[in-house]
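Colleague: model the structure of this input:
(chains A and B)
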Amino acid sequence: MEYKLASNTTTRVISQEFDYSVPASLEEALELRDEHGDDVRPLAGGTDLLIQLKADVRTESHLMYVNGLDELDDVSETEEGLEIGATVTYDDLMNSSLVDQHVPILAEAASDAGGVQVEKMGTIGGNLCNGSPAASTAPPLLILGAEVVLESVDGERIVPIEEFFTGPKRTVLEPNELLTSVRVPTPASDRWAHEEIKRVTEDLAKVIVSVSLECDDGTVTDCGIGLGCVAPTPIRATEAEAAIRGEPATEETFARAGEIASDEISPISDSRSTAEYRRLITETKVRDLLVDAHETNV
Amino acid sequence: MPKNSKSFHAIGTDSPRKGGKAKVTGKAVYAPDVSLPGMWHGKVLRSPHPNATVVDIDTSEAEAMGAICITPDDVPDVKYNERTISVPDAIYRDNRVLTDRPRQVGEGIAAVAAETEEKAERALKAIDVTYEEHEPVIDPEFAVSDDAPAIHESIVRDGEVEPIENNIAVERDISVGDVEQGFAESDHVFEHSFETGRTYHAQLENKTTVCRPEPDGGITVWPTTQTVHNVRQLLGEIFDINLSKVNVKRLELGGSFGSSIQTNSVTPITVALAMAADKPVKIVSSREEDMYDHCRYPSKLDVKIGANDDGTLNAVEMDVLADVGSHNIQAFPYLGVVAGFTASLYDFEHLEFRGRAVYTNKAPACAMQGFGNPQATFAVECMIDAIAEELGIDQLELIRKNYVGEGDTFWGQGPTIKSVVKSCGVEELLDQGAEAIGWDERTPPGEKDGRYRRGIGMARGFHTSGTGGPTPGEAIDYSSALVKINEDGSVDVVSALQDHGGGTRSAGARIVAEALDVPIENVELSPTDSRNTAYDVATHATRGVYAGGAAMKKAAESVREQLLENASRLLEVPPDAISLEADTDEGIGRVFVEGVPDKELTVGEVAKRAELNNWGTMAAVESNRQVACPPAYAAQFVEVEVDMETGEIDILRTAIGNDSGTIVNPKLAAGQQHGGFYRGAGYALVEDTQYDENGAIDGNGLLTDYRMLTTMDLPSNDETETFFVETEEPSGPFGAKGLGEACINPTAAAVANAVYNATGVRFTDIPMTPEKIIGDLRAEYTDRVTGKPMVPAEDDD
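Modeller: The predicted structure follows:
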């Protein structure tokens, strides 16, 4: 999406006219979606959508408010881990004892997503459906092996999060579907680390790095490296992960993971950072975070 | 009647600020809060092109929607400069209410008014503009080349049309002594080049104006401004209305950082719209519009300093290239003050200054917190650190040997205003700051190793208290105030003096309370406008307390004489026999004859009996120009930690010291110290507006991509030591000098010097973002794991 705020537009008011629906149930929401397809846009926290509308960088003729749907706002325990409703907010994730118990890395990622206003309004479903390479919750969900539940009037399908993103602002979500929840398995290891590298504390990230690590007797048995802002979509550094599985859990090994990861990304230069810096910082931070994860007392 | 600080009852106390309760309860009225019956909303159509000519504007569809539209044909054909506080010869006029020749993205082409903001926005989109685009001029170095298209063909100065050549808005050369001789006589000559960023003010309040046309042909205006009187004069001139029919209301101001010294661009547009619509009209700028409206002067400074082995600084040469953007708001004074601030930092016998200010197709630069001083001080104070190291002299020692202090001639704001320094706390600032930060334990960069390296740096600076002086300068500088005693002994202060939020007016009330010896609770500040007050130039240049407060003091002293005269008649003793005293417990001003118990009244009793006797109201209006603009000194000490691998700079601790003479509002003054340091650290580390080749701000001018430091990025209050060295300035009200801008001027150099002390790399281009510095840092650093030197990868482009 090309922002061009020469200032003939402002972020003060939404001057577009649009229809507004408030479905009373998920069933009703799915029916609206089935009837109107991409002509009806789900509105949850609005922390991306409303800004884009005010700035006139997107046009919508029909908004459907989904934040009030009881079916979508719950965090519950499953056999494998957690099921997190699409409209669960960052603030909910940060304060949920279940999240803290099963996937604390997700609470940490949520706390990096924005300021208090964004934390209170922004939702995990919106974060993913917005399709940004900078989605705060995506790198941890990638390394956790999470799945998203996509529902339509025809039923539901389960998509691994790795297959969900197809490009900047693009996902596999069909026009008649809604993302209703995220299924997150409880990781086998408590060794993890997460960091958003930013210009200042309250900011969008230059680079997001999430890592998880499993070790046995000084050897890396499994690891996950999730990255944001360094490719057209949030990605896993699969080559780096593969290269260090079975290797000794040493700083040298982790440094090699950083090197390989920095080679398998395709960062761009934008207002937040340069491609060059993103590559350098990815190398450093992947190593740093793997070291941190390794040093975690478990 | 001189007082020493021990006897103050209002000055230096911590009673709540005037108007504070209204602010924290949301009742204070700022321009965006103003709403009038029947008011319409205005929007400005702004150029999407950085350099273009408007070929055609079709407003028919917008008008069919019921909107009122104005275009460049509908506004007075008057060329003006929105900043009017200089003498006519120093004012470069190149601007217009609306233009058919936009010279930057965001320049106003047309405007609409409609019943609601939404309708106005839709009408704005219905306007069809045909542009002829021209090649944009973004780089100031390119701007002066023969290949660059002309941004302005000519401007008007003091009634004369002047051509513009090579896009040079102003050139200003200033010379003292013989700099070549100075260098020849020096044991060493040091040279560095510096570059500073295009900082955006990011004031909280987006620029707003409400205008109501009056039945008598006049206008009433509620603007965002630091100066109601200059707005009034400019609107009177543009719209050819007698000043007696132009009333500009003084409102609360939601911050400014210097961005509202000039009349804001939306103000004349709102007036033109309101007059066309014959209705009250309000325009509130969006943040995106505001970011294209003003910024700090970005500058390149090439500096050469000649010094002797013993540390004596002999000569300075400075070449400055400033990028003024699309309009020359105040580049002439800017170059003058950069020279003046440099001359007043150290006692250089020889000075050669060459300044050029260049037009580009970007947002116009204007005054911003420190105006020229953050730029000059960054360059000079980094040089001082470098020279001290080269000469093997402690930096503080080098400063002590050379600074301009008590008894020295001081340039103030530029070369035309000179006065002699009468109060100076530099030595104490250095001593206390060094103690607080642990200066003596500082180790040289060569002794640091490892990935995370800590360093301590410092810089010194000052700001002038206003722009006054013994002779008239290039800028107008005086204030006015009316003080009157009410019939119950309470006091009204009626003044156009503006308050940006720093507590200037509250300080004025303390000064009046002190001068009249009545409790501070009995003094209130009246709502004012340009019609019921005498002239006040503006709250800028760190002059609010020193100059604005001095005018209030002068009026209060005049009223004090009247009070003593009336009391003399009532108590039947000579005025000299009467004492005044603030009884803060009882909340009254006591009027008494010492040692004669039955000869006592309250101020209220004197006022009431004067009224009953038909003696008239005890009141006085005074205008006052300060005959100096004394330096308010500052020293800042900083400890940083630098991550050699990522280029991230963390400020760990700071000690911030100021000599502002007598401190009037202690808590608010400490707030100024914190605030100045925050913006100064942001100037050093992160704040900047970069433009792409199409003249658009990177990040599209969204505040999301204009990052500023917050409490989360800077040392906690526990790690921030603020202190004052209270000298007594003889020309200031009760010994006070200025404060505000002094708090930002040394910060960038202090941070850069600390980074040097940590890393051994001297960065001279601010902001020092990790992206800019990582290459040089990594070159200094060897990877602790692989043992191979870390060098930056090639860019993908």
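Colleague: give me the sheet partners of whatever helix or strand residue B:316 lives in and which way each runs.
Modeller: Taking DSSP states H and E as the criterion, residue B:316 maps to strand B:313-325. Counting by DSSP bridges, the strands paired with strand B:313-325 are strand B:299-307 (antiparallel), strand B:350-359 (parallel).
Colleague: what mean pLDDT does the shortest one get?
Modeller: Along strand B:299-307, the predicted local confidence has a mean pLDDT of 98.
Colleague: residues near residue B:147, how many?
Modeller: Taking other C-beta atoms under 10 Å in any protein chain shown as the neighbour definition, residue B:147 ends up with a count of 8. C-beta here means a position set from N, CA and C on the backbone, and glycine is covered the same way.
Colleague: pipe the strands paired with strand B:313-325 into JSON lines and attach mean neighbour count per row.
Modeller: Listed next are the strands paired with strand B:313-325 as JSON lines, based on neighbours: other C-beta atoms under 10 Å in any protein chain shown:
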{"stretch": "strand B:299-307", "mean neighbour count": "23"}
{"stretch": "strand B:350-359", "mean neighbour count": "23"}
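Colleague: tabulate these (a markdown table), appending distance to residue B:715.
Modeller: Rendered in a markdown table, the data for these read as follows (distance: least, C-beta to C-beta, whole Å):
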| stretch | distance to residue B:715 |
| --- | --- |
| strand B:299-307 | 28 |
| strand B:350-359 | 36 |
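Colleague: show me the shaky parts of the stretch 1-150 of chain A.
Modeller: A:1-11 (pLDDT under 70).
Colleague: any regions of chain B where pLDDT drops low?
Modeller: Judged by pLDDT under 70, chain B has its weakly predicted residues at B:1-6, B:700, B:783-797.
Colleague: what's the closest non-adjacent residue to residue B:696?
Modeller: If you skip the residues right next to it in sequence, residue B:696 has residue B:105 as its closest partner in space, 5.6 Å away by C-beta to C-beta, 6 or more residues apart in numbering or on different chains.
Colleague: the most far-flung residue of chain B relative to its centre in helix, strand or coil?
Modeller: What lies farthest from the middle of chain B is residue B:598; by C-alpha atoms, centre = their mean that is 52.2 Å. Here residue B:598 is recorded as coil under DSSP: H, G, I helix; E, B strand; the rest coil.
Colleague: nearest residue to the residue of the stretch 451-600 of chain B found nearest chain A in space, please, no chain neighbours.
Modeller: Closest contact between the stretch 451-600 of chain B and chain A, by C-beta to the nearest C-beta, is at residue B:451 (9.6 Å). When the adjacent residues along the chain are set aside, residue B:451 lies closest to residue B:644, with 5.2 Å between them (C-beta to C-beta, 6+ apart).
Colleague: next one: residue B:468
Modeller: Using C-beta to C-beta, 6+ apart, the nearest residue to residue B:468 is residue B:626, at 3.5 Å.
Colleague: surely the one you found touches residue B:470?
Modeller: No - applying C-beta atoms under 8 Å as the test, residue B:626 and residue B:470 come out as separate, 9.8 Å apart.
Colleague: the more surrounded of those two?
Modeller: When neighbours are counted by other C-beta under 10 Å, residue B:626 and residue B:470 differ, and residue B:626 comes out ahead with 25 against 13.
Colleague: the more buried one in helix, strand or coil?
Modeller: Secondary structure assignment for residue B:626 (three-state DSSP): coil.
Colleague: quick check: it vs residue B:478, distance?
Modeller: Residue B:626 sits 8 Å away from residue B:478, going by C-beta to C-beta, to the nearest Å.
Colleague: overlap in contacts of the two?
Modeller: Shared contacts of residue B:626 and residue B:478 (C-beta atoms under 8 Å, 6 or more residues apart in numbering or on different chains): B:468, B:547.
Colleague: can you give me the end-to-end distance of stretch B:459-470?
Modeller: Stretch B:459-470 has its terminal residues 30 Å apart, counting by C-alpha to C-alpha, to the nearest Å.
Colleague: go through stretch B:173-184 and flag the buried ones.
Modeller: Burial within stretch B:173-184, assessed by neighbour count using 16 or more other C-beta atoms under 10 Å in any protein chain shown, is assigned to B:174, B:176, B:179, B:182-183.
Colleague: low-confidence ranges, the stretch 151-298 of chain A, go.
Modeller: Residues of the stretch 151-298 of chain A that meet the criterion pLDDT under 70 lie in A:298.
Colleague: re earlier: between the strands paired with strand B:313-325, which gets nearest to residue A:109?
Modeller: Distance to residue A:109, taken as C-beta to C-beta, is lowest for strand B:299-307 among the strands paired with strand B:313-325, at 41.2 Å.
Colleague: what's the longest helix seen in chain A packed up against?
Modeller: Ordering each helix of chain A by length in residues (DSSP state H) puts helix A:275-295 first. Where contact means 3 or more C-beta pairs under 8 Å, 6 or more residues apart in numbering or on different chains; DSSP states H and E, helix A:275-295 is packed against strand A:191-198, strand A:205-216, strand A:219-228, helix A:251-264, helix B:770-779.
Colleague: apply 6 Å and report the result again.
Modeller: strand A:191-198, strand A:205-216, helix A:251-264 (3 or more C-beta pairs under 6 Å, 6 or more residues apart in numbering or on different chains; DSSP states H and E).
Colleague: who touches it?
Modeller: Under the criterion C-beta atoms under 6 Å, 6 or more residues apart in numbering or on different chains, residues A:191-193, A:197, A:207, A:209, A:211, A:213, A:225, A:230, A:249, A:251, A:254-255, A:257-259, A:261-262, A:265, A:267-269, B:645-646, B:771, B:793, B:795-796 lie in contact with helix A:275-295.
Colleague: quick one, which of the residues you listed are buried?
Modeller: For the contacts of helix A:275-295, a burial check counting by 16+ other C-beta under 10 Å picks out A:191-193, A:197, A:207, A:209, A:211, A:213, A:225, A:230, A:249, A:254-255, A:257-258, A:261-262, A:265, A:267-269, B:645-646, B:771.
Colleague: could you list the buried residues of stretch B:145-161?
Modeller: B:148, B:151-152, B:155-157.
Colleague: what's the answer for stretch B:7-19, then?
Modeller: B:8-12, B:15, B:17-19.
Colleague: out of the residues you listed, which one sits closest to residue B:28?
Modeller: Proximity to residue B:28 was ranked across the buried residues of stretch B:7-19 by C-beta to C-beta; first place goes to residue B:19, at 6.4 Å.
Colleague: what about that closest one, distance to residue B:412?
Modeller: For residue B:19, the distance to residue B:412 equals 31 Å [C-beta to C-beta].
Colleague: picking that back up, what angle sits between the longest helix of chain A and strand A:219-228?
Modeller: Between the axis of helix A:275-295 and that of strand A:219-228 there is an angle of 140 degrees, by axes from the mean of the first three to the mean of the last three C-alpha atoms, to 10 degrees.
Colleague: tilt between helix A:275-295 and helix A:251-264?
Modeller: Note on geometry: by the same axes, to 10 degrees, helix A:275-295 and helix A:251-264 are set 150 degrees apart in direction.
Colleague: can you report how many residues neighbour residue 194?
Modeller: Here I'm looking at chain A. As a burial measure, residue A:194 scores 25 neighbours (other C-beta under 10 Å).
Colleague: I was thinking of chain B, sorry if that wasn't clear
Modeller: 25.
Colleague: how far does the helix ranked longest in chain B sit from the chain's center?
Modeller: What stands out as the longest helix in chain B, according to DSSP H, is helix B:549-571. Averaged C-alpha coordinates place helix B:549-571 at 33 Å from its chain's average position (C-alpha atoms, centre = their mean, to the nearest Å).
Colleague: can you check stretch B:443-453 too?
Modeller: Mean C-alpha position of stretch B:443-453 versus that of the full chain (C-alpha atoms, centre = their mean) differs by 37 Å.
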